[in-house]
Every structure is written in structure tokens, then in C-alpha cells.
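[1] based on what follows, work out the 3D shape:
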Amino acid sequence: MEMAPAPRRFTPTLKKETAILFFVQLFSTISFSVLYSTLVLYATIGLKLSSEVAINLTGIFIAFNYFLHLLGGFIGGRFFSYRSLFSWGMVIIAVGCGLIAIPTLNTLYWGTAFCVAGSGLNVTCINMMISQLFDANDKRREAAFLWNYSGMNIGFFIGFAVAGWLQLGQHYFHLFILAGVANVVALVLVLSNWKHLADIKTYYTESKARVRNMIIGFGLIICLILILRFMMAHASAAKDLILVAGALMACVIIYLTMTRHKVIERRKMWAFVILTSSSLIFWVLYQITPLATVLYIEHNVDRHLFGYLIPPQWFQNINTVILIIGCPLMAYIFEELRKRGGNVNIPFQFGCALLFIGIGIVLLPLGIYFASPTGLVSLWWVVLSQVLLTLGEIFLNPIGYAMIGELAPPKLRGILMGTWLMVIGVGSALAAFFSAKAVGHQTFNPVQSNVSYSHTFSSLGWTSIIAGIVVLMLMPFIQKLIHSQNED
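    Have a look, this model is predicted:
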């Protein structure tokens, strides 16, 4: 039984907590990065599944990972403390990685179900552990999330690097076991720093029935794993379910917005709805990377550089290297621009993100236009595309996390953090649909498949560019909602 922590005041310096969570984020990310970058290749090459089945399975794995962050926001802080739920998530993922390491279809379904359950619940927990360290108007929250985002991407770099190296030799067993060990390290870090990561003013800390709540919480987790096992075996139907659930949750958030009694809260919530809706386009394009794009790189791109064959996963490390350096650097640049009167605001950052990723995706069909007679595309088009995609991510994702603390009423922060992450899951489900269209009719002949890739990438890229322009045009209106004064 976990005892309620003593009340804790917000302090001006929180370096110890943020440093702890930086390293927890780093190690807890490694297993997800391995599965994120390798699952579709493991399914097609290691288990000989069709590309359609592999795309649907991987797409649903990624979609549920983000979609369940909403459930993590509900369970965490209610049935468990955030630190406790995060710790159980690490245990569940380690078990899942061990199951995936066994090369059968049944253990793949069970392993992905365990991994999705663990990762789906714990990301909201770590974000809330960071968010609660800062008061609502403390701008250091943005810098803390940018630093934490950098730590997460160090984990991605390690995961992608190890995955690419071991995947070339098809050493999948060792790869997934190492991924599980990384979660054990994250668990040890949390347990050894337990007292520094206590919840602040949550339903859990104020509850007098913590044992009952934890029993309910464990029941929910067990049911969740069983449901996910069924979903992994029926990925196509699960994709439709995610889209329906996403639409229903959108209705719930709009209802919560319309029924806020305070005008200032209602207007800030409308700003959240507009910005989060625009981010869906970004996430559809972003989540194509581990689906259609990784197969595109594997079969349609000349991956030889100085005589060496580059693994598909290593292209994603372009993203991680820029994020590791770029997030802290961008935190400094944003702060300096604001000191000098620059209007660096959330709508501006979101609009730029949509423009960056749209242009990055549009570059891929341009590369196809200049492909060799055998249909192979120069790897430099993919490199440039990844650079622009990463700039878009810096402008949108960590800023979106920080946005929750600024716009959400205190008791809705967990739900809205989960909603923000759930939108990424809906984007992943849509990305699986568009990826299946891009891959086409089960052919890996570049000359034939380039046509469907080019059409899909062009359509999605231009949609994002147009959406980015619209968000920039609406910037004054959204800013007015964010900074409106209470008229009650």
C-alpha cells in the first residue's frame, strides 16, 4: 500500500526532479524505439507476414500506444500515483519484450499487447510528473519539456542504432531482450528516487480508499491486456475502432469545453480544441515513417554510402540527433526572442510545424521524379525530408505538452494530456490506412511501387502545407482565446 505523500510546495529550483526524469525518460524510450522502427521489418522479414498485415499490426501497435495515453491520464492520479503506474508499466513492457523475442505469431500478439499496455499507460505519467513541478504560469515548463524531449530522443537514438545493427543480421532475439533490459533500468531509477517523484494535488493523494482504488486499477490493466491481445490479432477492425473512439472523445472534449462555467477557462479550452485538431494532420504524416516510409527506404532507396549499406532504422536517427541538440537550443532561442519582443506563440509554432513537415513529405515524390532507371531514389532526398520533419516536430510536440499546463484547468490536465497523446494514436491509425495505399499491390519493385508512393506522399504533403497556412492566418484569433480575460 502506498502512503499519501506530505504536501509539497512549488519551489523555484527543481533541478533534481527534472534531472531524474530526464534519465528515466531516456531508458524507458529505448524499448519503444526498437519496436517502433523494427516491428514492420520483423513481421515481414523475420516472420514472413505480408506487408499489409505487417503495416496494420505496426500501425495499431503505434496507434494504441498513443491512444491509451488517455487511459493513462485517467488511471494515473486516480487508481495509482503517477510514479506507481509508471513503474508497473516498466514491468509490463519488459515481459512483453521477452514474449516478442520468441519468434511465433502467437507470442508476437501477446508481446505487442503487453508492450502497448505498458507504454500506453506510462507516457502520460512521466509527462504529468514533469508538469506538476511547475505552477500554471511558470514558463520554465516549456524548457523542462524540451529538455525531457531531448532525453527521450537520446533513448530513440540508442534504440534505432542498436535495432539497425542487429536487424541487418536478423538477430531479433537479442534485440528484443536488450529492449526489455532498458525498461528494468528505468524502473530502478524510479524506485531509487521514489520520494522525489510524489504526486501533487491529485485525486489519488486526496483519496481515503487507496487500496480499493489500486485493486480496481490492477483489474483495469489485466482487462486491457486481454482486449489488446484480441485487437492485435484483428488489427484491421481495431483500426476502425480507434477512429470511432477518437471521434467520440472529440465530442467529449467539446462538451467539457462548452460546459465550463468560467469564460476564461472556456476560451482557453477552445484554443486547445483548435490547436489539437490541427495537429492531427501533422501526426498522420509523422506516423507514416515507421510504416510506409520504412518499407520505401528498405526497397526503393539506394542505401549505400561509401560502400556501406545503411539500415532503414538509422535514417530515423537523423531525427533523433537533431532533436537531442535542437530541443535545448530551441528552448534558448525561443526565450531570447521573447526577451527581445518577438511574438513566438503556440499558434505560430504549430503553423510552422505543419509547413515544415508538409514540405518534407513533398520532397519525397520529387526524389522519385529523379530516380534511377531501376527506380532507386538517392538517399539524400530521405535525409532532407527527415531534417524538415524533425524541425516540425520540435515546433509542435514538446510545445504541445507544455500547452496543456497553460490552457487546461487543473483537474482536467491529466485528461487533456491523454487527449493530446490520443490524437497521435488516431493519426497512427490514419497513417496505417494511407501507408497501405502507398505500398500498393504487394510489389517491392521500385519502378512499379514508386507511382503509388509518389501519389500518396504528394497528397498528404500539400494538405499539411495548406493547413499550416490556415493556422498562421488564424493566429490572432487563437491568441485572443488564449489570453482572454475572465468576464464572469
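[2] shouldn't Arg78 be within a helix?
    No - assigned with DSSP: H, G, I helix; E, B strand; the rest coil, Arg78 falls outside any helix and is coil.
[3] quick check: it touching Met214?
    No - with the criterion set as Cβ atoms under 8 Å, Arg78 and Met214 do not qualify as a contacting pair; they are 10.3 Å apart. (C-beta placed from N, C-alpha, C; glycine too.)
[4] any idea how far Lys437 is from Ala271?
    Per Cβ to Cβ, to the nearest Å, Lys437 is found 33 Å from Ala271.
[5] what comes up buried for the host helix or strand of Val188?
    Under the criterion DSSP states H and E, the helix or strand holding Val188 is helix 172-192. Applying a neighbour-count criterion of 16 or more other Cβ atoms under 10 Å, one finds 172, 175-176, 178-180, 182-183, 186-187, 189-190 buried in helix 172-192.
[6] could you dump that helix to PDB, C-alpha only?
    What follows is the C-alpha trace of helix 172-192 in PDB, where atoms were taken according to Å, rounded to 0.1, in the frame of the first residue of the first chain:
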ATOM      1  CA  TYR A 172      15.900 -10.300 -33.400                       C
ATOM      2  CA  PHE A 173      16.000 -12.300 -30.100                       C
ATOM      3  CA  HIS A 174      19.000 -10.400 -28.700                       C
ATOM      4  CA  LEU A 175      17.400  -7.100 -29.900                       C
ATOM      5  CA  PHE A 176      14.100  -7.500 -28.000                       C
ATOM      6  CA  ILE A 177      15.800  -8.900 -24.900                       C
ATOM      7  CA  LEU A 178      18.100  -5.800 -24.700                       C
ATOM      8  CA  ALA A 179      15.000  -3.600 -25.200                       C
ATOM      9  CA  GLY A 180      13.400  -5.200 -22.100                       C
ATOM     10  CA  VAL A 181      16.500  -4.700 -20.000                       C
ATOM     11  CA  ALA A 182      16.400  -1.000 -20.700                       C
ATOM     12  CA  ASN A 183      13.000  -0.900 -19.000                       C
ATOM     13  CA  VAL A 184      14.400  -2.600 -15.900                       C
ATOM     14  CA  VAL A 185      17.000   0.200 -15.700                       C
ATOM     15  CA  ALA A 186      14.200   2.900 -15.900                       C
ATOM     16  CA  LEU A 187      12.300   1.000 -13.100                       C
ATOM     17  CA  VAL A 188      15.400   1.000 -10.900                       C
ATOM     18  CA  LEU A 189      15.800   4.800 -11.400                       C
ATOM     19  CA  VAL A 190      12.300   5.500 -10.400                       C
ATOM     20  CA  LEU A 191      12.300   3.200  -7.300                       C
ATOM     21  CA  SER A 192      15.700   4.600  -6.100                       C
END
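[7] for the remainder of this discussion, apply numbering that starts at 366.
    In the new count, where the first residue is 366, that last one comes out as helix 537-557.
[8] and the average pLDDT for that helix is what?
    Along helix 537-557, the predicted local confidence has a mean pLDDT of 92.
[9] check stretch 759-775 too.
    Per-residue pLDDT over stretch 759-775 has a mean of 79.
[10] list of residues touching it?
    492, 495-496, 499, 501-502, 506-507, 510-511, 513-514, 566, 625, 630, 633-634, 636-637, 640-641, 644, 647, 687-688, 691-692, 695, 711, 714-715, 717-719, 721, 778, 781-782, 785, 847 (Cβ atoms under 8 Å, 6 or more residues apart in numbering).
[11] stretch 475-484 too?
    Contact with stretch 475-484 is made by 396-397, 400, 404, 422, 426, 429-430, 433, 453-458, 460-467, 541, 548, 586, 589-591, 593-594, 596-597, as judged by Cβ under 8 Å, 6+ apart.
[12] ok so, going back, please pick the buried ones from the contacts of stretch 759-775.
    By neighbour count, with 16+ other Cβ under 10 Å, the contacts of stretch 759-775 hold 492, 495-496, 499, 506-507, 510-511, 513-514, 625, 630, 633-634, 636-637, 640-641, 644, 647, 687-688, 691-692, 695, 711, 714-715, 717-719, 721, 778, 781-782, 785, 847 as buried.
[13] for Ile587, report the pLDDT, please.
    The pLDDT attached to Ile587 in the predicted structure is 92.
[14] sorry, slip of the keys, the one I care about is Pro377.
    Pro377 is assigned a predicted lDDT (pLDDT) of 42.
[15] same deal with the one 3 residues further on?
    Reported pLDDT at Lys380 in the predicted model: 56.
[16] for His806, same thing?
    Here the pLDDT value assigned to His806 is 58.
[17] likewise for the one 5 residues further on?
    The predicted local distance difference test score for Pro811 is 80.
[18] same question for Asn851.
    Here the pLDDT value assigned to Asn851 is 47.
[19] what about the contacts of stretch 475-484, which are in helices?
    If you go by DSSP state H, these have 396-397, 400, 404, 422, 426, 429-430, 453-458, 460-465, 541, 548, 586, 589-591, 593-594, 596-597 in helices.
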